[in-house]
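**Student:** Build me a structure from this.
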Amino acid sequence: MDLLRYTNYIVHLFRYYKLGTLNEKSDIYSFGIVLLELLTGRPAILKGNRVMHILEWIRPELERGDLSKIIDPRLQGKFDASSGWKALGIAMSCSTSTSIQRPTMSIVIAELKQCLKLESPSDTKTFVAPPRQVYDEVYSSSEAFSYDSESITSPFPR
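**Tutor:** Here you go, the predicted model:
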């Protein structure tokens, strides 16, 4: 996201605030962005060669489907891959551009609880992380999550 688009984004948010049009769905969007920050270990606004919003960065990464380049490397691969994909799907469904497509917080909570169940110690399949130099290259500066038809992440975003 270039500086002009970022500035327009901030102005847009300010208008929402001034007009009092912030609501549950705008809170869900914000929660989705925070969840992406937690999952990836990256800030919402990435600064490097160019300024970019986390959604701009993550969409092509999701299309590539390489979870090891998306999830925060500080987790060192110690998570269930299904849980990782599901959590990413939840975050993406929360941050869709159309508010009517965003889930309610009760649905988000139910979905996150399912992620926790996937992480239960008895049946956790450890994700194997790529070599350290891959992390250093990626961190230096959209589909296929849950196929459960009852899930908000199938396919994401709705």
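**Student:** List the buried residues for stretch 59-69?
**Tutor:** By 16 or more other CB atoms under 10 Å, the buried positions in stretch 59-69 come out as Glu61, Leu62, Leu67, Ser68, Lys69. C-beta coordinates here come from the backbone N, C-alpha and C atoms, glycine included.
**Student:** If I follow the layout properly, the last one ends up in contact with Glu61?
**Tutor:** When you say that, I think you mean Lys69. Yes: counting by CB atoms under 8 Å, Lys69 does reach Glu61; the two are 5.8 Å apart.
**Student:** any idea how far Lys117 lies from Val34?
**Tutor:** Note on Lys117: its distance to Val34, by CB to CB, to the nearest Å, is 22 Å.
**Student:** how near is the closest residue in space to Ser82 that isn't next to it in sequence to Gly41?
**Tutor:** Leaving out its chain neighbours, the residue that sits closest to Ser82 by CB to CB, 6 or more residues apart in numbering is Leu118, at 5.2 Å. Look at Leu118 and Gly41: by CB to CB, they are 20 Å apart.
**Student:** neighbour-wise, which of those two wins?
**Tutor:** Using other CB atoms under 10 Å, the more surrounded residue of Leu118 and Gly41 is Leu118, with 19 against 13.
**Student:** ranges for the helices of the protein?
**Tutor:** 3-19, 24-40, 54-64, 81-94, 105-118, 132-139 (DSSP state H).
**Student:** out of Lys117 and Val34, which sits in the busier spot?
**Tutor:** Under the criterion of other CB under 10 Å, the comparison of Lys117 against Val34 puts Val34 first, with 14 against 10.
**Student:** State the pLDDT value of that one.
**Tutor:** pLDDT recorded at Val34 is 93.
**Student:** for the nearest residue to it once chain neighbours are set aside, what are its contacts?
**Tutor:** Spatial nearest neighbour of Val34, excluding adjacent residues (CB to CB, 6+ apart): Ala44 at 8.0 Å. The contact partners of Ala44, by CB atoms under 8 Å, 6 or more residues apart in numbering, come to Ile33, Val34, Leu36, Glu37, His53, Ile54.
**Student:** Please identify, among these, the one with the most neighbours.
**Tutor:** Counting neighbours by other CB under 10 Å, the top entry in the contacts of Ala44 is Leu36, with 25 neighbours.
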